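S.K.: structure of the sequence below:
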Amino acid sequence: MIRFNKPYHSGKELNYISKAITEGKTSGNQTYTKKCHQFFKDTFGFQHCLLTTSCTDALEMSAILANIKHGDEIIMPSYTFVSTSNAFILRGAKIKFIDSYDNNPNLDHTKIEEAITSKTKAIVVVHYAGIACDMDAIITIGKKHNLFVIEDAAQAIDSYYKGKPLGSLGDFSAFSFHETKNIICGEGGLLIVNNEKYNLRSEIIWEKGTNRSSFFRGEIDKYGWVDMGSSFLASDILAAFLYAQLENLEDIQSKRKNIWNNYYVGFAELETQEGIQRPHVPEFAIHNGHLFYLVCRSSEERSRLIKHLKSDGIHAVFHYLSLHKSQYYSKFHDSRELANCDRFTECLVRLPLYYELNNEQQQKIINSIYSFYKTA
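M.R.: Residues are numbered from 1 along each chain as shown. Alright, predicted model coming up:
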């Protein structure tokens, strides 16, 4: 079976974890955490970085930093993972879901303003597949209505919008290092704070509501409980694993982008002849080769394609289910139809894409899909 995903390992992960254990520094914000923070600052120019145990944690910190309270409204796409919503639901907010573009699962920025009310507090964008949303348009809307703009950049490490790294554009941004992502540590995340007036509070929230970070920098003579917070910081063991990955970022990205491009070129004829949609990458975006998908013409066709690929020894999968139709939130959603979200829910299929996928395996996948449509 050609797997859908296979986590990348550089070979140094265990070595760095062993060093952290030998040095007796395995709790959060130790040697490797600082190394990771510095890497992100040096490589992407991020203003303030905090390694977390998950992207979900980073989103929850964003919600606290934005002072989201009961009754506030948050605008976000329906085609995303539940973590994007849960971070704000936990603060008592109401979600106003927005449809995707017809050619791209990202939030359709032209639908945002009609959803804004006096209760709206933030716009949360999701850079699906590491492909940038139209950030100039979204930030303009945010400034016009005095709203926070938060980037769910879970899939978007080393992706760019008009030459600027994703994660550097919103007020706050969240990345994921889950084992399905380009850069991994099993579970892990990163909060980026792009407005320095939130730096100190973000550290306090990160450190269980205490000013412990200031204490260890020698800025105060003792630390205590000064705000709400939780244990959001990641163990240095996770950071050690992550740092081994970050050292190989360029090689990982080069390989993934090459695989992505082979798919894109390989399926050009399928799109032309069969109307099967390939990913759309706007001119302003440079993606990171995170995932490659096709959009079938119907849910039934997708099911048959996935079954066909499985019979050929290839594991392909669907992706998100529209959150506005979920068992939990459908009762809170208004009557608006989000047709494009629903189409991606029913028709999008993701293909295997990982560092060790070789040319022979990839060609087998491409040939199998063409064989399906020739006999369909």
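
S.K.: contacting residues for the residue sitting furthest away from the middle of the chain?
M.R.: Summary for the chain: using CA atoms, centre = their mean, the residue whose C-alpha lies farthest from the chain's mean C-alpha position is Asp221, with a distance of 38.5 Å. Going by CB atoms under 8 Å, 6 or more residues apart in numbering, Asp221 touches Phe215. For every residue, glycine as well, the C-beta is placed using N, CA and C.

S.K.: dump the residue contacts of Asp171.
M.R.: Contacts of Asp171 were listed using CB under 8 Å, 6+ apart, and they are Ser62, Ala66, Phe148, Val149, Ile150, Val193, Asn194, Asn195, Tyr198.

S.K.: please list only the buried members of those.
M.R.: By the neighbour-count criterion of 16 or more other CB atoms under 10 Å, the contacts of Asp171 include these buried positions: Ser62, Ala66, Phe148, Val149, Ile150, Val193, Asn194, Tyr198.

S.K.: which of the contacts of Asp171 fall within helices?
M.R.: For the contacts of Asp171, membership in helices holds for Ser62, with DSSP state H as the criterion.

S.K.: which one of the contacts of Asp171 is nearest Gln363?
M.R.: Nearest to Gln363 among the contacts of Asp171: Ile150, at 40.3 Å, using CB to CB.

S.K.: closest one to Ala132 out of the contacts of Asp171, please.
M.R.: Taking CB to CB as the measure, Ala132 sits nearest to Val149 out of the contacts of Asp171, at 13.1 Å.

S.K.: verify the contact between that closest one and Ala122 for me.
M.R.: Yes: if you go by CB atoms under 8 Å, Val149 and Ala122 touch, sitting 7.2 Å apart.

S.K.: distance of the residue farthest from the centre of the chain from Asp227?
M.R.: Note on Asp221: its distance to Asp227, by CB to CB, to the nearest Å, is 19 Å.

S.K.: ranges for the helices of the stretch 251-376 of the chain?
M.R.: Remark: helices of the stretch 251-376 of the chain, listed N- to C-terminal, are 268-274, 299-311, 339-347, 359-375; assignment by DSSP state H, counting those that start in this stretch.

S.K.: and Tyr32, which of those helices is closest to it?
M.R.: When those are compared by CB to CB, helix 359-375 sits nearest Tyr32, at 33.5 Å.

S.K.: show me what counts as buried in that closest one.
M.R.: By neighbour count on 16+ other CB under 10 Å, the buried set for helix 359-375 is Gln361, Gln362, Lys364, Ile365, Ile366, Ser368, Ile369, Tyr370, Phe372, Tyr373.

S.K.: and the angle from that helix to helix 299-311?
M.R.: Note on geometry: by axes from the mean of the first three to the mean of the last three CA atoms, to 10 degrees, helix 359-375 and helix 299-311 are set 140 degrees apart in direction.

S.K.: hmm, who's touching helix 359-375?
M.R.: Residues beyond helix 359-375 that count as contacts (CB under 8 Å, 6+ apart) turn out to be 2, 259, 262-263, 266-267, 270, 274, 276, 294, 304-305, 308-309, 312, 314, 351-352.

S.K.: picking that back up, closest one of the buried residues of helix 359-375 to Gln253?
M.R.: Minimum distance to Gln253 across these is 17.1 Å, recorded for Gln362 (CB to CB).

S.K.: could you check how far that closest one is from Arg256?
M.R.: The span separating Gln362 from Arg256 equals 12 Å under the rule CB to CB.

S.K.: OK, contacts around the residue lying closest to Lys119 once chain neighbours are set aside?
M.R.: Spatial nearest neighbour of Lys119, excluding adjacent residues (CB to CB, 6 or more residues apart in numbering): Glu73 at 4.4 Å. Glu73 makes contact with Ala93, Lys94, Ile95, Lys96, Thr117, Lys119, Thr120, Lys121, according to CB under 8 Å, 6+ apart.

S.K.: before we move on, what about Asp99?
M.R.: Pro77, Ser78, Leu107, Asp108, Lys111, Arg336, Leu338, Ala339, Asn340, Cys341.

S.K.: now the fifth one, nearest residue through space, not along the chain?
M.R.: Just to be clear, that refers to Lys111. If the residues on either side of it in the chain are set aside, Lys111 comes closest to Ile98, at 4.9 Å by CB to CB, 6+ apart.
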